[in-house]
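>>> model the structure of this input:
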Amino acid sequence: MVSDTRQDRPTARPLTVWGGPTTHDCLLTSLRQNAAAQPDTVAVVDDGAEFTYSALHAWSRVIARLLTEHGVRVTDRVAVTGPRSAAIVAAFLATARTGATYVPLDPEYPARRLEHMLRDSGAKVLLHTGDRPPYDTAATTLRIPDPPTTPADTVDEGPVACAADLPVYVIYTSGTTGWPKGVAVPHSCLDNMAAWQWNHSVRPDLRTGQFAPLNFDVWFQEVLGTLCGGGTLVIMPEQLRRDPFELLGWLHQQRIERLFLPYLALNMLAMAASVEGSLGHLALAEINTAGEQVVCTPPIREFFARLPGCRFNNHYGQSESAMVTAHTLDGPSGAWPPLPPIGTPLPGCELLIDPLDPAEPQIGELLVAGLPVSLGYLNQPELNAQRYITVSPTPKGHTRAFRTGDLVRLDAGIIHFLNRRDHDVKIRGIRVNLVEVDAWLLDQDGVAEAVCVAVEAAEGTRSLRAVVTADDPVAPPDTRALLAGLAAVLPPASLPASITVVDGLPRTPSGKIDREQVQKQLAGSPTESAPRPH
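Numbers count the residues shown, from 1 in each chain. Sure, this is the predicted structure:
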């Protein structure tokens, strides 16, 4: 039986799916072996500069030594900020080799949000590239040193900290209080994901384009799935992440063989490719997508039909349970289902379907047990008790599981995503909590009530729209000022495309704001219009 504090429905013994047994090395062991076996192979390419495995290993040693000199020890937290680069990769590896916990801070985020992450994580050191960041923090702030001019004199340096429950990184995800919450991810989760990725790719040593932002867990999949397999990671220039036409040229120029893209970016790339002549000049052998429901649009079907040698994988997971399932779309792209399944669990992962209705045990909330499950949220005991629950021993002996909040359907051993139970949505592959946006809207001067919803647009894309009521109807708030206020505290993915001031908001019979009704009204109206008040 699934332990459940909610009283609105009975619980039933869940159906389970097991991904099978697994064996894997510590990611640090794999990286050390690659540095020893192929020291002159290029590990990372950044803005034309190439860093071999030997050079990357030497660079991470220098940074690790700096951290140790400043008192960093096992389980201390090290925050790292700067643009996506080889330096950030080296800083992550250096943090991991000291046994400390890496905390990525995307410099594109508002300073107040990053300062909260620094305080909440208790970071002992803040590493940065470029100029010293202007954050108010008690952490010792250090610039990431330049790479050494000579390679490492040796690779074998004795044991490293690789305990299964040792946290490797803390990543911050959207929360309901207005501030993000930190998720601690251990070696057991990350090592298993890295080993699975390079074992199940077309080749372990693929040349991979690094697309994901620092604060997105797919960044670790790109980096470790490539470097643990002996491949080459090519840092994608920032402007190309927003220009699919230029990206096509870069993929050819850099001979990129593998990409990890959120659905929206993949669809834009496919649409850009539709006006190209031949795609035979591209070296793409594998494209992986994650973060939101995939829709097999006509441009995506055409794109893969013109790349017959390229494999398309749909991945599923959360910040709290990294990589959970995968599904490869086989056969002619024209025959692919409109909404592909999220697939089957990774080795070491056991999935539970907690049914909404005991008469339909194959449909319910997805719970994750086994290796993918993280250690929990930092400084959030009540939330941990709600989301990381105790269950009766599963067929594989697990007694701890993570409630994903996702409703799924199990069909012949394959998991199909249905929708969310709560107010989390994915925007451009990044999870956004609508209640968090509401909270910050209500924090703005002149706002009495506020609600943010996700509205579906053409080709399966999604955007945020918000409506507010005014404290003083005679002097309603300036929506441009409201957007500016949100931009000071929220990441770009959490910013509404529009904010509309209305006289009143629709209500449920119990008097609550009817979010679903607002969503329906906005879905049928232009961006600048408002739902009719009820």
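>>> and for the longest helix anywhere in the chain, what's in contact with it?
Longest helix in the chain by number of residues, with DSSP state H as the criterion: helix 53-69. Contact partners of helix 53-69, identified using CB atoms under 8 Å, 6 or more residues apart in numbering, comprise 31-32, 34-35, 38-41, 43-44, 51, 78, 86, 89-91, 93-95, 97-98, 100, 125, 127, 142, 144-145, 147-148, 150-152, 155, 157, 227, 230. To be clear about C-beta, it is placed using only N, CA and C from the backbone, and glycine gets the same treatment.
>>> which of these count as buried?
For the contacts of helix 53-69, burial is judged from neighbour counts taken by 16 or more other CB atoms under 10 Å, and it is met by 31-32, 34-35, 39, 43-44, 51, 78, 86, 89-91, 93-95, 97-98, 100, 125, 127, 142, 144-145, 147, 151-152, 155, 227, 230.
>>> one step back: CA atoms only: put the longest helix of the chain into CSV for me.
Taking only C-alpha atoms (Å, rounded to 0.1, in the frame of the first residue of the first chain), the coordinates of helix 53-69 have been written out as CSV:
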residue,chain,number,x,y,z
TYR,A,53,41.2,15.0,-21.2
SER,A,54,44.6,15.5,-19.7
ALA,A,55,44.3,19.3,-19.8
LEU,A,56,40.7,19.2,-18.3
HIS,A,57,42.0,16.9,-15.6
ALA,A,58,44.9,19.2,-14.8
TRP,A,59,42.6,22.2,-14.7
SER,A,60,40.1,20.6,-12.3
ARG,A,61,43.1,19.6,-10.0
VAL,A,62,44.2,23.2,-9.8
ILE,A,63,40.6,24.4,-8.9
ALA,A,64,40.3,21.5,-6.4
ARG,A,65,43.5,22.6,-4.7
LEU,A,66,42.2,26.1,-4.5
LEU,A,67,39.0,24.9,-2.8
THR,A,68,40.9,22.8,-0.3
GLU,A,69,43.2,25.7,0.5
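>>> looking at it now, give me its mean pLDDT.
When the per-residue pLDDT values of helix 53-69 are averaged, the result is 97.
>>> following element in sequence after it, please.
Scanning the chain past helix 53-69 towards its C-terminal end, the next helix or strand to appear is strand 77-81 (assignment: DSSP states H and E).
>>> which other helices and strands does that following strand contact?
Where contact means 3 or more CB pairs under 8 Å, 6 or more residues apart in numbering; DSSP states H and E, strand 77-81 is packed against helix 86-97, strand 101-105, helix 111-121, strand 125-128.
>>> from the chain's centroid, how far away is the helix or strand following the shortest one?
So that's strand 125-128. Read in the C-terminal direction, the helix or strand following strand 125-128 is strand 140-143, with elements assigned using DSSP H and E. Here strand 140-143 is found 26 Å from its chain centre; the criterion is CA atoms, centre = their mean, to the nearest Å.
>>> so for strand 140-143, mean pLDDT?
Mean predicted confidence for strand 140-143 is 98.
>>> can you name every helix or strand that it contacts?
strand 125-128.
>>> the strand it packs on - contacts with which helices or strands?
Using 3+ CB pairs under 8 Å, 6+ apart as the contact definition, the elements that strand 125-128 packs against are helix 53-69, strand 77-81, strand 140-143.
>>> quick one, which of the ones you listed gets closest to residue 206.
Among the helices and strands packed on strand 125-128, helix 53-69 comes nearest to residue 206, with 15.2 Å by CB to CB.
>>> the longest helix of the chain vs helix 86-97, what angle?
For helix 53-69 and helix 86-97, the angle between their directions (axes from the mean of the first three to the mean of the last three CA atoms, to 10 degrees) works out to 60 degrees.
>>> how far does helix 53-69 sit from its chain's centre?
Relative to its chain's centre, helix 53-69 lies at 27 Å (CA atoms, centre = their mean).
>>> what residues sit buried inside that helix?
The neighbour-count criterion (16+ other CB under 10 Å) identifies 53-64, 66-67 as the buried residues of helix 53-69.
>>> now swap in stretch 181-200 and tell me
Within stretch 181-200, the residues that qualify as buried by neighbour count (16+ other CB under 10 Å) are 181-198, 200.
>>> which of these fall in helices?
Among those, the subset assigned to helices under DSSP H consists of 187-198.
>>> max pairwise distance over these: which two?
For those, the farthest-apart pair by CB to CB is 188 and 198; their separation is 17.2 Å.
>>> and residue 331, which of the three is it?
When the structure is reduced to helix, strand and coil (DSSP: H, G, I helix; E, B strand; the rest coil), residue 331 reads as coil.
>>> what residue ranges in this structure score low on pLDDT?
1-12, 151-159, 458-460, 509-511, 525-534 (pLDDT under 70).
>>> that's a helix at residue 252, yeah?
Yes - assignment of residue 252 by three-state DSSP places it within a helix.
>>> how far away is the nearest residue to it once chain neighbours are set aside from residue 126?
Of all residues beyond its chain neighbours, the one nearest residue 252 is residue 281 (5.1 Å), with distances taken as CB to CB, 6 or more residues apart in numbering. Distance, residue 281 to residue 126, using CB to CB, to the nearest Å: 43 Å.
>>> the two - which one has more neighbours?
Comparing residue 281 with residue 126 by other CB atoms under 10 Å, the one with more neighbours is residue 126, at 24 against 13.
>>> mark out where each domain of this protein begins and ends.
15-21+348-420, 24-42+53-186, 424-523 (automatic domain parsing).
>>> need the ones you listed in JSON lines with distance to residue 293, can you?
Shown next, in JSON lines, are these (distance: least, CB to CB, whole Å):
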{"stretch": "domain 15-21+348-420", "distance to residue 293": "6"}
{"stretch": "domain 24-42+53-186", "distance to residue 293": "18"}
{"stretch": "domain 424-523", "distance to residue 293": "7"}
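>>> for residue 266, which of the ones you listed is the nearest?
If you check each of the domains of the chain against residue 266 by CB to CB, domain 424-523 wins as the nearest, at 9.4 Å.
>>> just the terminal-to-terminal distance for the closest one.
End-to-end distance of domain 424-523 (CA to CA, to the nearest Å): 18 Å.
>>> stretch 163-172 too?
Start-to-end span of stretch 163-172 (CA to CA) is 23 Å.
>>> which residues sit against that stretch?
For stretch 163-172, using CB under 8 Å, 6+ apart, the contacting residues are 27, 74-75, 77, 92, 96, 99, 101-104, 117, 121, 180-188, 190-191, 215, 217, 220, 319, 375, 378.
>>> need the phi and psi values for residue 325.
The phi and psi values for residue 325, taken as degrees, to the nearest 10, are phi -130, psi 170.
>>> so how many other residues sit close to it?
Counted with other CB under 10 Å, residues neighbouring residue 325 total 26.
>>> so what's it up against?
Listed by CB under 8 Å, 6+ apart, the contact partners of residue 325 are 315-317, 342-346, 349, 351, 415.
>>> could you identify the most distant pair in these?
Taking CB to CB as the measure, the contacts of residue 325 span a maximum distance of 14.4 Å, between 315 and 351.
>>> out of those two, which sits in the more crowded spot?
Counted by other CB under 10 Å, residue 315 and residue 351 do not tie: residue 351 has more neighbours, with 27 against 23.
>>> secondary structure element for residue 464, which one?
With the criterion set as DSSP H and E, the secondary-structure element containing residue 464 is strand 462-470.
>>> quick check: next helix or strand after that strand?
Scanning the chain past strand 462-470 towards its C-terminal end, the next helix or strand to appear is helix 479-487 (assignment: DSSP H and E).
>>> list the contacts of that next one.
Everything outside helix 479-487 that qualifies as a contact, by CB under 8 Å, 6+ apart, is 110, 437, 440-441, 443-444, 447, 468, 494-496, 498-501.
>>> helices and strands around the helix or strand following that helix, which ones?
Scanning the chain past helix 479-487 towards its C-terminal end, the next helix or strand to appear is strand 498-501 (assignment: DSSP H and E). Using 3+ CB pairs under 8 Å, 6+ apart as the contact test, the elements touching strand 498-501 are strand 462-470, helix 479-487.
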